[in-house]
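Colleague: Got a sequence here, can you model it:
(2 chains)
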Amino acid sequence: MEAPYAQKGNSMCRFGPVPVIEISGSAKGAARWTSVAQAQVYHDHPYSAPFEDAVIVDLLNQDRDASSRVGLELSADSARALGHALLEAAEELTEHQTSS
Amino acid sequence: MTTLDTPNGYGGISTEIVQFSGHNGDSIGGYLARPAGPGPYPGVIVIPEIFGLVDHAREMTFKFAGHGYVALAPDLWHREGPGAPEDVSAKVRGDGGVPDDRCIGDCEGAATHLKGLDYCTGKLGVIGFCSGGRQVVLFSCNTSSLSAAVSCYGGRVVQPELSERMPKAPIDMISGLQCPLMNLSGDEDQNPSPEQVERLRQEMETHGKTFESHSYPEAGHAFFADYRPSYRQAAAVEGWQHVFEYFEKYLS
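Modeller: Predicted structure coming up:
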């Protein structure tokens, strides 16, 4: 894993709209579960994670209410590992569903 | 420095949420901090980083109030709420950011609000950070309400990309600038890079505008942001000195 505190400030402010991925499911923030219908994935300054830049995942409901947001701020290695794990789990689930 | 209400140069402050007319006459919110004395005090519009009116942005207003200014941070994300500032601003960021025309209108509304306060002299400055640093140049080039402007690590002032919400690069608006502008950035920043700051300096010179710029060693983007690892103590200390000297020069 990379060092959490980068030495240099080369952050790039995000520019332009982020593509929306239509999804189906639920996500839980600190307070409650909410249905999520849209995801956006990009890299920019994180608000909370101790990095100068991070991969950010925003999950929102169908109406894109800001109060429905469940957000992730991940290091590049973490995002990569999570992405691989998601793909693997999705493949296993699809296999299970087709075999049963 | 503006005289504060103790012999040792520090004074109390008070804060409040205010509502004022922004772009298109829309009622928007803002966070206002003022010195506790009767004033009148000069005003500073504080344009936050991309995260909106989070703790750090509101704390910036405290700092200016403590130094003798009425500080107003407009909620440029007001229309996309309700929600926590970092959630509302994330949604706006995903949608492509605060539209430039709306930003100009909202900041002009903040200026009008400050000028109407009986404890404000009406002499106004603006300061902004990160995306707010870009918005400082944008607003300053489209208003006659300001006496000084400070852009702190404003990315994409020299903007290679354009979008529907940001259709023109601020550097191409410099002919409209009606107040002195100061740029603060880090030697290691790439947004703006030292080359982009130099390009801005050249453009200011071409149009005969008053420009001052400071770049700090061993600092990159967001060196004032003391809640993030980008914070650089030495750059921040020197930077704040430059900010307050600048506003004292032009807003007193």
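Colleague: Secondary structure class of the closest residue to chain A within the stretch 151-252 of chain B, three-state.
Modeller: Nearest residue of the stretch 151-252 of chain B to chain A: B:Gly220, at 1.7 Å (CB to the nearest CB). The C-beta positions use only the backbone N, C-alpha and C, and glycine is treated the same way. For B:Gly220, the secondary structure call by DSSP: H, G, I helix; E, B strand; the rest coil comes out as coil.
Colleague: Point out where chain A drops to low pLDDT.
Modeller: Scanning chain A for pLDDT under 70 picks out the ranges A:1-12.
Colleague: Might one say that B:Ala148 is in contact with B:Cys179?
Modeller: Yes - assessed by CB atoms under 8 Å, B:Ala148 is found in contact with B:Cys179 at 5.7 Å.
Colleague: My guess is the residue of the stretch 151-252 of chain B closest to chain A contacts A:Glu52. True?
Modeller: Yes - using CB under 8 Å, B:Gly220 is in contact with A:Glu52, at 7.3 Å.
Colleague: Sticking with residue 63, tell me its helix or strand.
Modeller: No chain specified, so I'll use chain A. According to DSSP states H and E, A:Asp63 maps onto no helix or strand at all.
Colleague: think we crossed wires, I meant chain B
Modeller: Counting by DSSP H and E, B:Lys63 is part of helix B:55-66.
Colleague: contacting residues for the residue nearest to B:Cys141 when sequence neighbours are not counted?
Modeller: What sits nearest to B:Cys141 in space, not counting adjacent residues and going by CB to CB, 6 or more residues apart in numbering or on different chains, is B:Met173, at 3.7 Å. Neighbour list for B:Met173: B:Val137, B:Leu138, B:Cys141, B:Asn142 [criterion: CB atoms under 8 Å, 6 or more residues apart in numbering or on different chains].
Colleague: what's the closest non-adjacent residue to B:Glu188?
Modeller: Nearest residue to B:Glu188, sequence neighbours excluded (CB to CB, 6+ apart): B:Gly220, at 4.1 Å.
Colleague: what is the residue nearest to the spatial centre of chain A paired to in the beta sheet?
Modeller: In chain A, the residue lying closest to the centroid (CA atoms, centre = their mean) is A:Val57, at 2.3 Å. Counting by DSSP bridges, A:Val57 is bridged to A:Val41, A:Leu72.
Colleague: Make sure it is actually in contact with A:Gln38.
Modeller: No - between A:Val57 and A:Gln38 there is no contact under CB under 8 Å: 11.3 Å.
Colleague: Quickly list what's touching both of B:Ala148 and B:Cys179.
Modeller: Contacts common to B:Ala148 and B:Cys179, judged by CB under 8 Å, 6+ apart, are B:Tyr250.
Colleague: So those two - more neighbours on which side?
Modeller: Remark: of B:Ala148 and B:Cys179, B:Ala148 carries more neighbours, 24 against 19, as counted by other CB atoms under 10 Å in any protein chain shown.
Colleague: Could you find the closest non-adjacent residue to the more buried one?
Modeller: B:Ala148 sits nearest to B:Tyr250 (CB to CB, 6+ apart), 3.6 Å away.
Colleague: pretty sure that neighbour is touching B:Pro180, no?
Modeller: Yes - counting by CB under 8 Å, B:Tyr250 touches B:Pro180, with 6.0 Å between them.
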